[in-house]
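>>> the sequence isn't on hand, but the structure is:
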Ligand code: 8YV
C-alpha cells in the first residue's frame, strides 16, 4: 500500500465495488456505524484522516471535527445533515457533502404508504384477517383518499414529489413553506396556506422540513390542538421535529386520529414506547430511503462526492460550497 494515499474514515455500509473505488485512491480506516470518531479512531489515524464518509448516526459535532484536524471533506450518506455542525465545518474549511435528489421518490412513496395505511386502516385490517375475525363478519369501513386534504409542512424536493403522488389519488394538496413555491402553485401541484390554515385544513399533515434549531420540536401540542380531531400526522423527515411527548398525549387524548411515523425522537424506538401499543399508529424503522435501488444511488453519490472533493474536483452535492470557493478556511 503506497504511503501517499490519503486516509479516509469510513463509517457507512459501502458495497464491495464502491469500496474498491475508494481503495484505489485512499487508505480506509473502518469505524462501526454510529460510533463517535473522536473515540473510535486511533490518534494517528485521526491526525492523518483527510476525509470522512459517514451516516446520519455519526455525530460530526465540534468535538469530532476538532479531533480530525486534516479532514477537508465530510461526505454524509444522507440528504439530511443535522448530525454535522455545518457552521463549524465551514469555519474550519471542511466541505460537507450530502445526497439530495436520489431519494425523493422512495421517501415520497413511503409517505403515501402511510397515508393509504392510515386511511384504509391496513395494519388493523391485516390483524383482523390473521385473528380470524373475518370469519365472524366484515371488517369496519375505512375512508377514501379522494377529496381529502393533504397538508405538506415543507415544500422542498420531497414535498413536491409527495404532492405529485397525492394528486394521482385525487387528493387536495396544500402546503406551507418558509418561501413560497410559485412554480408548484402555477403547475397546480399545491396551494399555499399560512401555517395555521394548513393545520386547520389538513386531513393528513405530512412533515417535510429538515431538522434545525428552528424546526426542533416545532410540531407540538399547539399544532395538534389546531388540527382536526379526525386528522393524521405523518412524519418521514426527522423525529425531533415533532415533540414526541406531546404527540403521545395528543393521541391518548384523541386530539388527532392517528399517526404514521418513520422517524422518532430516539432511534431505534424503544418497543416499550406508548406509540408501539397504539392501534392507530403505523411505524417504520427510518426506512424512507431504504430500498436497494435508492440506497445504491445514495452510496454512489456519497462516494463520488468524497473522491471528487479529495481529488480537487467539484462534488455534485455540496452543503457549504463556500468552502470550495476558498471562503471557509479563512475564518478557521
Ligand atoms: C438515512 C436519511 O440517510 O437521507 C437522509 O437524510 O435520513 C436517510 O436516508 C439513511 O438511514 C442512511 O443512513
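All right, it came through fine. All values derive from a computational prediction rather than experimental measurement.

>>> report the helix or strand with the lowest average pLDDT across the chain.
helix 37-40 (a mean of 93; mean pLDDT, DSSP states H and E).

>>> same for that one, what does it pack against?
On a contact count with 3 or more CB pairs under 8 Å, 6 or more residues apart in numbering; DSSP states H and E, helix 37-40 meets helix 62-66. C-beta here means a position set from N, CA and C on the backbone, and glycine is covered the same way.

>>> so what touches the helix it packs on?
36-38, 58, 71, 85, 88-89, 92, 94 (CB atoms under 8 Å, 6 or more residues apart in numbering).

>>> pick the one among these closest to the ligand.
residue 58 (9.4 Å; CB to the nearest ligand atom).

>>> now the closest one: closest residue in space that isn't a chain neighbour?
In space, and not counting its chain neighbours, residue 58 is closest to residue 11: 5.1 Å by CB to CB, 6 or more residues apart in numbering.

>>> check residue 84 too.
Residue 84 sits nearest to residue 60 (CB to CB, 6+ apart), 4.2 Å away.

>>> before we move on, the earlier item: and the residue nearest to residue 58, how many neighbours does it have?
Using other CB atoms under 10 Å, the number of residues around residue 11 comes to 23.

>>> that one bridge partners, please.
For residue 11, the beta-bridge partners under DSSP bridges are residue 54.

>>> okay, which residue is most central for this protein?
Nearest to the mean C-alpha position of the chain, by CA atoms, centre = their mean, lies residue 237 at 4.2 Å.

>>> can you pull the contacts of that one?
By CB under 8 Å, 6+ apart, the contact set of residue 237 is 80, 154, 158, 207-211, 263.

>>> so how far is residue 255 from the closest residue to residue 226 other than its chain neighbours?
Distances taken as CB to CB, 6+ apart place residue 199 nearest to residue 226, at 4.0 Å, with adjacent residues excluded. From residue 199 over to residue 255 the distance is 12 Å, taken as CB to CB, to the nearest Å.

>>> from the contacts of residue 237, list just the buried residues.
Buried subset of the contacts of residue 237 (neighbour count, 16 or more other CB atoms under 10 Å): 80, 154, 158, 207-209, 211, 263.

>>> nearest to the ligand, of these?
residue 80 (3.1 Å).

>>> I'd assumed residue 57 was in contact with the closest one.
No. Using CB atoms under 8 Å, residue 80 makes no contact with residue 57, being 11.5 Å away.

>>> residues from the protein in reach of the ligand?
55-56, 77-80, 103, 286, 288-289 (CB under 6 Å from any ligand atom).

>>> neighbour-wise, which one of these leads?
residue 77 (28 neighbours).

>>> OK, contacts around that residue?
12-13, 53-56, 99, 298-299, 302.

>>> that one and residue 317, how far apart?
Applying CB to CB to residue 77 and residue 317 gives a distance of 12 Å.

>>> look up the closest residue to the residue of the stretch 101-250 of the chain found nearest the ligand, ignoring the ones flanking it.
Closest to the ligand within the stretch 101-250 of the chain is residue 103: 5.6 Å, counting by CB to the nearest ligand atom. Leaving aside its sequence neighbours, residue 103 sits nearest to residue 289 (CB to CB, 6+ apart; 4.1 Å).

>>> and for residue 235?
Residue 235 sits nearest to residue 207 (CB to CB, 6+ apart), 4.6 Å away.

>>> now do the one you found against residue 56, distance only.
Look at residue 207 and residue 56: by CB to CB, they are 17 Å apart.

>>> cool, and residue 322?
Counting by CB to CB - residue 322 and residue 56 are separated by 23 Å.

>>> and residue 216, by the same measure?
15 Å.

>>> and the residue nearest to residue 84, how many residues sit next to it?
By other CB under 10 Å, neighbour count at residue 60 equals 26.

>>> thought it was touching residue 83?
Yes. The pair residue 60 / residue 83 is scored as a contact, 5.8 Å apart, by CB under 8 Å.

>>> could you pull up the residues touching the residue nearest to residue 226?
Per CB under 8 Å, 6+ apart, neighbours of residue 199: 151, 205, 223, 226-227.

>>> wasn't it part of a helix?
Yes. Counting by DSSP: H, G, I helix; E, B strand; the rest coil, residue 199 is found in a helix.

>>> tell me, how many neighbours does the closest residue to residue 320 other than its chain neighbours end up with?
In space, and not counting its chain neighbours, residue 320 is closest to residue 90: 4.5 Å by CB to CB, 6+ apart. Using other CB under 10 Å as the criterion, residue 90 is surrounded by 21 other residues.

>>> can you map out the helices along the stretch 101-250 of the chain?
Using DSSP state H, counting those that start in this stretch, the helices of the stretch 101-250 of the chain run over 104-120, 122-131, 157-168, 182-186, 195-201, 221-226, 244-252.
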